[in-house]
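K.L.:
Structure, please.
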Amino acid sequence: MFGWATVALLGGVAVGAVALHHGEPINALWLVAAAACCYALGYRFYSKFIAVRILVLDGLRATPAERLENGRDFVVTNKWVVFGHHFAAIAGPGPLVGPVLAAQFGYLPGMMWVLAGAVFAGCVQDFVILLFSVRRDGKSLTAMAKDEIGSVGGFVAYVAVIAILIILLGVAALIVVNALKSSPWGTFTIAMTMPIALLMGAYLRRIRPGKVLEVSALGFVLVLAAIWGGQYVSQNAALARLFTFGAPTLAILIMVYGFAASALPVWLLLAPRDYLSTFVKLGTIGLLAVGIVALHPTLHMPALTRFVDGTGPVFAGKIFPFAFITIACGAISGFHALISSGTTPKLIARETQTRMVGYGAMMCESAVAVMAIIAACVMQPGVYFAINCPAGIVGQSPAAAAATISSWGFPVTSADMQTLAHAVGELTLYNRTGGAPAFAVGMAHIFSHSLGGDRLMALWYHFAIMFEALFILTVLDAGTRVARFMVQDALGHMYKPLGRTSWYPSILMTSALIVGAWGYFLWQGVKDPLGGINSLWPLFGIANQLLATVALCVATTIIIKMHRAKYAAVTLVPLSWLVAVTFTASWHKMFDPDPRVGFLAQAQVLAAGPATGATARLIFNNRLDAVVTGVLVVMVTLVLAESLRQWLAILSGAREARVKEAPFVRTRLVEERG
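P.N.:
Purely as a prediction, here's the structure:
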């Protein structure tokens, strides 16, 4: 225990340094040390407490992957491949983009929320939902809500979840399109991961079954070749033309990929491609950590900026609740609960592996968020704001933007920005909103100063853009498959064969239905940047946390039904926090009088101005946003009310506490440590 006591002491010192060191710039190593210690302690003690005291993991109990194996969706899979799939599926744009945007408040709010949110909320949600789904034949979150909370709560949860998921997938696809359009390097590398994944799937399934180390080495070498091959393609005029696509073409190709990832057997494309993506993701984050340790850069962004008052230029709103909505993935994300009750529980070989996969993969994603915070904050604040602020806030011309940002106390010149743009191979970096370009600049800065020098900064910048696209695409493929499972669950009540996840007519029909739904929003975003899915972007943080609220309602209900009510605070405390955050944020987004915050206020200001076609569309979109926010809040409130009614009835003895698990079947697999 001396070793763990040392880790706890070091963690306490590091967290104290991060939280209390306000007077002068702080070294990024303090953030790395604080995160490493918090994650180590959380996994070793808190996750084990949950596994032993609450969930009582049973390594002798057969999982649905073993009992229901069909070679398509239910497949007993090596735990490291499952870990890779799960991490790749949950680690989307959120842990990269959200922390970068929230850096406008300073490094402190985001860092504290990422650490506390992950250890006590996000990792817990992913772990418990994964285990509960494994014990229920891999059922979806909405199916579990119906079984455990009741038919009303289940129906409302289904409508809310499927609507949010389709919108989220459409936006994820749109981000990929925007990242890859006119980018032969990124397009080639991402495209090559698909045949590599098919080869890995066939190798592991047919050629050399069980040889995970062999296929891992093969995949690692091939993906490195694809990355360097992308650079060669981008520099060869003839090849570059072959891999340079416009947004409409990319949108169609991504829809085709989404359909294939949903319809093909999971072992052939989805699982190996996500496992392959994990090499790039964790490998890059590991290199970034090495770069930070080697360079030990100073964070130039202060702990707290002047924009904590809600007047931020990147996005308006005060720290509470908007920092906690902006940073969802990396702290807690409802989308993770869909993966934990979607593809992953159908692959788990042993119950005891759910701790490593559920709690551990989310912890790795949180580490990505820490790296994103560091990447954003090692830049000079003036450069950060020049990249992330829209032209409508800082001015259209470089000179105007530099003057505005400098007047805030963050000096920057147009010459500085021009030099930086040239260094990363771009024409300009002004007004590159969305968080992804800022992360890429910060990552390129760290890599170029520790691995290769300034002459490689352009290479590292474009590698970072490709890296972000890879993150997002894995959300798209796994999310499409999860949505397909949910639709099959619902259609099975009307015609039983449609509910069978292994029946190919149902697979093809529901895959096409889901891809068509999110593809419609993607096409609207590609063809009409003012409308369609782009206008729903402010809802995503709220919607994601509302999903987590539903997941924690289900988890708390099951824990109480398991006669573990004395431990219910494990999920009830994060649930209460999310309700406070999301409901407050929703009220502000609907009714705040500040037009930069409230949807209705912005619509009112636009209505008072000149009437144009674009203005009319924006007014409609803002009013639609307000209505959608209100409807989602009402639906989640109904789920909360139904859950609370269940809890009170069980605790008072008015209702019997009975969980609806699949019957115990002893595993036939060789005993192994999970």
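K.L.:
what number of residues lie near the nearest residue to Leu304 once chain neighbours are set aside?
P.N.:
Spatial nearest neighbour of Leu304, chain neighbours left out: Gly106 (4.2 Å); criterion: C-beta to C-beta, 6 or more residues apart in numbering. C-beta here means a position set from N, CA and C on the backbone, and glycine is covered the same way. Residue crowding around Gly106 was assessed by other C-beta atoms under 10 Å; the count is 23.
K.L.:
Please report how far Gly106 lies from Ala323.
P.N.:
10 Å (C-beta to C-beta, to the nearest Å).
K.L.:
what does Ala641 give?
P.N.:
28 Å.
K.L.:
again with Lys589
P.N.:
15 Å.
K.L.:
low-confidence ranges in the stretch 551-674 of the chain?
P.N.:
614, 670-674 (pLDDT under 70).
K.L.:
If we use 90, what do you get?
P.N.:
For the stretch 551-674 of the chain, residues meeting the criterion pLDDT under 90 lie at 595-597, 599, 602-603, 606-625, 627-629, 631-632, 635, 653-660, 668-674.
K.L.:
what helices or strands is the host helix or strand of Thr187 leaning on?
P.N.:
Element membership for Thr187, per DSSP states H and E: helix 184-202. Using 3 or more C-beta pairs under 8 Å, 6 or more residues apart in numbering; DSSP states H and E, the elements in contact with helix 184-202 are helix 151-180, helix 212-235, helix 237-242, helix 270-295, helix 457-491.
K.L.:
among those, which gets the worst mean confidence?
P.N.:
Least confidently modelled of those is helix 270-295, at a mean of 73 by mean pLDDT.
K.L.:
Show me what secondary structure element comes after that one.
P.N.:
Taking DSSP H and E, what comes next after helix 270-295 is strand 298-299.
K.L.:
Just checking, which helix or strand succeeds that following strand along the chain?
P.N.:
helix 319-326.
K.L.:
quick one: buried residues of that following helix?
P.N.:
Across helix 319-326, burial judged by 16 or more other C-beta atoms under 10 Å covers 319, 321-326.
K.L.:
How about stretch 623-632?
P.N.:
623-626, 628-630, 632.
K.L.:
what's the answer for stretch 398-414, then?
P.N.:
398, 401-402, 404-405, 408, 410, 412-414.
K.L.:
now swap in stretch 153-173 and tell me
P.N.:
Going by neighbour count (16+ other C-beta under 10 Å), the buried part of stretch 153-173 is 153-158, 160-173.
K.L.:
what do you get for stretch 177-196?
P.N.:
177-181, 183-194, 196.
K.L.:
Over to stretch 23-33?
P.N.:
So stretch 23-33, judged by 16+ other C-beta under 10 Å, has buried residues 26, 28-33.
K.L.:
taking these one by one, which sit in helices?
P.N.:
28-33 (DSSP state H).
K.L.:
out of these, which one sits closest to Ala361?
P.N.:
Val32 (19.6 Å; C-beta to C-beta).
K.L.:
need the contact list for that closest one.
P.N.:
For Val32, the contact set (C-beta atoms under 8 Å, 6 or more residues apart in numbering) comprises 289, 292-293, 370, 374.
K.L.:
again, only using 10 Å
P.N.:
Residues near Val32 by C-beta atoms under 10 Å, 6 or more residues apart in numbering: 14, 289, 292-293, 296, 367, 370-371, 374.
K.L.:
any idea which of the residues you listed is closest to Val56?
P.N.:
Once C-beta to C-beta is applied, the member of the contacts of Val32 that ends up nearest Val56 is Ala367, at 28.5 Å.
K.L.:
Is it correct that His445 is in contact with Cys377?
P.N.:
No: using C-beta atoms under 10 Å, His445 is not in contact with Cys377, being 11.0 Å away.
K.L.:
coming back round to it: out of the contacts of Val32, what pair is the most spread apart?
P.N.:
The widest separation within these (C-beta to C-beta) is 17.6 Å, between His296 and Ala367.
K.L.:
of the two, who's got more company?
P.N.:
Ranked by neighbour count (other C-beta under 10 Å), His296 and Ala367 place Ala367 first, with 23 against 13.
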